[in-house]
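Chemist: Would you be able to build a 3D model of this:
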Amino acid sequence: MSAVVQTKRPAWLGWALLALVFVLAAAVDWRLVPVLAIWVAGWMLNALIARHGTWRWGGYVIPILFGVTLLAMWETGERLFEISDVLLPAPSEIAARFWLSRDILWVDFVQTVIKGALSGFLMGCGAAFVLAVVIDRFPFLQKGLLPVGNFVAALPIVGMAPILVMWFGFDWQSKAAVVVVMVFFPMLVNTVQGLQSTDNMQRDLMRTYASSYWQTLLKLRLPAAMPFIFNGLKIASTLALIGAIVAEFFGSPIHGMGFRISTSVGQLALDLVWAEIVVAAIVGSAFYGGIALLERLVTFWHPSQRGRT
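Modeler: Residues are numbered from 1 along each chain as shown. Below is the predicted model of the structure:
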């Protein structure tokens, strides 16, 4: 039996290919060279960190470094190619606008996130959880309500938002109503599926202990449903912010993230638009990350959490 001989690629070959890429970039446009150099530097640094897979903070440093690399390429390319701020402002200009417009961004944050998204998220998910328990208690409701829920969940937000804005007015109540409609049915479906995830043997064991329905619910079915419930909460956390912002495009008072984005686009103030987008990205990531962290604490026993530190 012949042994397989593995040939190692010489190191100089990779450097030669990299040099060829730089030469071709310079031939096309010399301004591509600095942008490409930033990408190569970030890539090499990421590769160096990735080799130390046992490093505790490596999993956090690599995505941060990747983001910094993209921002540096964005800034350099915008300056070298002299892209108009109307089309794409530089990250430094967005950061300056973010700092100068702190008061405006805070007011918009409170209006959209706290009043609209968060209140609608709590009301929608809370109502969905209660209804899921009722459906689980009376199974005949499942055949009538879940098909209706799937139908409503498939409706586009741009079709529902104008109607709800006309019904509930132009203030935050209409945005909360849009969020409730968006988060209610994903949360309902996931919770119902979670409550039904236990098998017959587990339920028979609870019956041998003479457990009532509510004892079985609290001690068996609800803990088993937690992964499904948190899955619904994570889906709802993204839909809540999207729904609140989009609903403001169809009617809003003189503040709000969606209102600010739509009016700033008309004024060609793209730096303020990007500042609002940065706020939305930070809030959405923090909201989702907080729910994911809570999930790890509550469902530490679940196989999906094994191997996570």
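
Chemist: residues in contact with stretch 242-259?
Modeler: Residues from elsewhere that reach stretch 242-259 (Cβ atoms under 8 Å, 6 or more residues apart in numbering): 104, 107-109, 111-113, 116-117, 120, 157-158, 161-162, 164-166, 170-171, 174-176, 178-179, 181-183, 261-262, 276, 279-280. No exception for glycine: its C-beta is placed from N, CA and C like everyone else's.

Chemist: what about stretch 222-232, distance to the chain center?
Modeler: 19 Å (Cα atoms, centre = their mean, to the nearest Å).

Chemist: Extract the C-alpha set from it and format it as CSV.
Modeler: The C-alpha atoms that make up stretch 222-232 are tabulated as CSV, following Å, rounded to 0.1, in the frame of the first residue of the first chain:
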residue,chain,number,x,y,z
LEU,A,222,-42.8,24.9,31.0
PRO,A,223,-39.1,24.1,31.7
ALA,A,224,-39.1,21.9,28.6
ALA,A,225,-40.6,24.7,26.5
MET,A,226,-38.0,27.3,27.6
PRO,A,227,-35.7,26.8,24.5
PHE,A,228,-38.7,27.3,22.3
ILE,A,229,-39.9,30.3,24.3
PHE,A,230,-36.5,32.0,24.1
ASN,A,231,-36.4,31.3,20.4
GLY,A,232,-39.7,33.2,20.0
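
Chemist: could you point out which element follows the helix or strand containing Val35?
Modeler: Under the criterion of DSSP states H and E, Val35 resides in helix 32-51. Where DSSP H and E defines the elements, the next helix or strand beyond helix 32-51 is helix 58-80.

Chemist: May I see the buried residues of that following helix?
Modeler: Within helix 58-80, the residues that count as buried by 16 or more other Cβ atoms under 10 Å are Ile62, Thr69, Leu71, Ala72, Met73, Trp74, Glu75, Thr76, Gly77, Glu78.

Chemist: other SSEs contacting it?
Modeler: In terms of contacts (3 or more Cβ pairs under 8 Å, 6 or more residues apart in numbering; DSSP states H and E), helix 58-80 is packed against helix 32-51, helix 91-100.
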